Structure formats: structure tokens, C-alpha cells
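> Got a predicted model here, sequence first, then my questions.
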Amino acid sequence: MKLVDMTVTEYLNILESDAPAPGGGSVSALSSTQACDLVSMVCGLTIGREKYAEYEEVCKEVQKEVKALGEELYAGIDKDTDAFNKVAAAYKMPKDTDELKAARSAAIRAANVGATQVPYDTVRLSLEGLRAMKKMAGQFNQNAASDFGVAALSFLTGARGAWLNVKINLPGVKDEALQAQFAKAEDMVAEAEALAKELYEGVRDSL
């Protein structure tokens with residue numbers, strides 16, 4: 001069963017078990033998926049309200065953006081666990097002959113790339129979510145200000161958590177060009193931290 005098809009209780013039970021996956025990567029993707037939905041909710045509470053008519057267009061634009069980001073992040077919840085399972089399966093492949101050893105090594109390399117790509121994408125998508133939020137900062141129904149702030153924090157959790165998963169998998173990526181590409185996630189996290197701080201403090205100071 002996919003993680004996203006489980007009840008909250010089922011998901012939490014498997015998360016707390018000794019099963020190696022789901023782990024931090026799936027949790028990070030879920031955090032940012034929730035952020036997308038929170039931002040969409042704030043937009044929905046603004047659009048169509050006469051009091052906030054001047055904010056309608058920006059909220060419509062951002063809502064469209066976060067819904068698209070949310071679809072990718074939602075898929076990433078299971079993709080991260082699937083990627084980990086492929087790494088584990090690759091290491092269990094037989095290595096009794098040189099041919100089998102070569103096949104195992106190739107499978108491990110490919111699986112490590114996949115296990116790094118998924119959290120890298122979570123970092124990227126989380127940053128895009130924060131950039132979208134920046135467009136509507138202060139331009140939404142202020143009754144939902146706290147929800148907006150939680151969304152910023154949730155995107156940041158997703159970005160930071162996913163970056164840790166990139167870092168732990170990076171040594172297994174032997175292609176130097178890919179290593180350099182994945183390492184750029186650190187700069188994305190730095191931007192996410194700055195944006196989240198600005199957005200969170202803006203909300204905090206408005207309450």
C-alpha cells in the first residue's frame with residue numbers, strides 16, 4: 001500500500017516502527033505538501049471576498065502555483081521510500097562472479113542517484129513554494145495569518161530535511177557532474193531559510 005493511501009494512524013504506526021522506510025525523506029516531502037495545501041487554503045479564504053478584492057489576482061496566481069507544486073511533492077512522499085528500497089535491494093544482489101559484481105555495482109550506483117534525486121527535488125520544490133508565498137506576503141485574508149506562517153515553517157522543514165537526505169546519499173553518487181548538481185541544494189536551503197524567516201517574522205509581527 002502506498003503511504004499516501006494510508007490513514008494517518010497507519011502512516012504514523014509504520015513511521016514509528018523499526019522499518020527503515022518511510023523515513024526523513026518522505027516526512028520532508030509530506031511537510032512541504034502540507035505547506036502547499038495550507039497556502040492554497042489561505043488563498044481560498046481570500047479569493048471572492050470583497051474586503052480582499054485587491055489581493056484576488058495574486059492569490060489566484062499563487063494558488064495555481066502551489067497546487068502544481070503540491071502534486072509533485074505528494075508524489076515524492078512515496079518516491080522517497082521507493083528510492084530507499086531500491087538502494088537496499090541493490091545491495092542485496094548476488095556478487096558471486098565478476099559479472100554479478102559488475103551488475104550489482106551498476107545497480108547500486110543507479111539506485112544511489114535516484115535516492116539523491118528525490119530529496120533534491122523536494123528541496124527545489126519547497127523553495128519554489130516559499131518564493132510563491134513571497135509574492136502574496138501581506139496580501140491575503142489576515143484571519144488566516146497564522147496558517148500562512150505555519151506554511152512557511154513547513155516548507156522550511158521540508159527543505160532542510162530533504163537536504164540532510166541529499167547529503168547522506170551524496171557520497172554514493174560517483175558521477176562528479178551529478179554530485180555538483182545535487183550539492184547546489186545547499187544554496188537553495190540557504191535561500192529557503194532567508195525567505196521562511198522573513199515570511200514567519202512578517203506574520204508574527206502582524207499578530
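Arrived safely. Numbering: from 1, shown residues only.
> I'd like to know how far Lys92 sits from Leu178.
24 Å (CB to CB, to the nearest Å). (Glycine included, C-beta is placed from N, CA and C.)
> Same check on Gly138?
Counting by CB to CB, the gap from Gly138 to Leu178 is 40 Å.
> With neighbour numbers in mind, choose between these two.
Using other CB atoms under 10 Å as the criterion, Gly138 and Leu178 rank with Leu178 on top: 16 against 12.
> Now the more buried one. Nearest residue, chain neighbours left out?
Spatially, and ignoring its direct neighbours in sequence, Leu178 is nearest to Val113 (6.3 Å; CB to CB, 6 or more residues apart in numbering).
> number of nearby residues for that neighbour?
20.
> With Met41 instead?
Met41: 17 surrounding residues under other CB under 10 Å.
> Check what pLDDT it gets.
As summarised for this prediction, Met41 has a pLDDT of 98.
> Please name the residues that touch the closest residue to it other than its chain neighbours.
Excluding its sequence neighbours, the residue lying closest to Met41 (CB to CB, 6+ apart) is Asp147, at 6.4 Å. By CB atoms under 8 Å, 6 or more residues apart in numbering, the contact list for Asp147 reads 38, 41-42.
> Looking at those, which are in helices?
Among the contacts of Asp147, the members found in helices (DSSP state H) are 38, 41-42.
> Which one of the residues you listed is nearest to Leu100?
Nearest to Leu100 out of the ones in helices among the contacts of Asp147 is Leu38 (CB to CB; 48.9 Å).
> so where's the chain uncertain?
For the chain, no stretch is flagged by pLDDT under 70.
> where do the helices sit along the protein?
Using DSSP H, helices in the chain cover 8-16, 24-44, 56-91, 98-135, 145-169, 176-183, 185-206.
> can you redo these as TSV with distance to Glu50?
Output for the helices of the chain, formatted as TSV (distance: least, CB to CB, whole Å):
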stretch	distance to Glu50
helix 8-16	36
helix 24-44	15
helix 56-91	10
helix 98-135	22
helix 145-169	19
helix 176-183	47
helix 185-206	21
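> right, so of these, which gets closest to Lys2?
Taking CB to CB, helix 56-91 is the member of the helices of the chain nearest to Lys2, at 5.0 Å.
> Show me what the closest one is packed up against.
With contacts taken as 3 or more CB pairs under 8 Å, 6 or more residues apart in numbering; DSSP states H and E, helix 56-91 sits against helix 24-44, helix 98-135.
> neighbours of Ser17, just the number please.
Ser17: 9 surrounding residues under other CB under 10 Å.
> Ramachandran coordinates for it?
Here is the backbone geometry of Ser17 (degrees, to the nearest 10): phi -70, psi 180.
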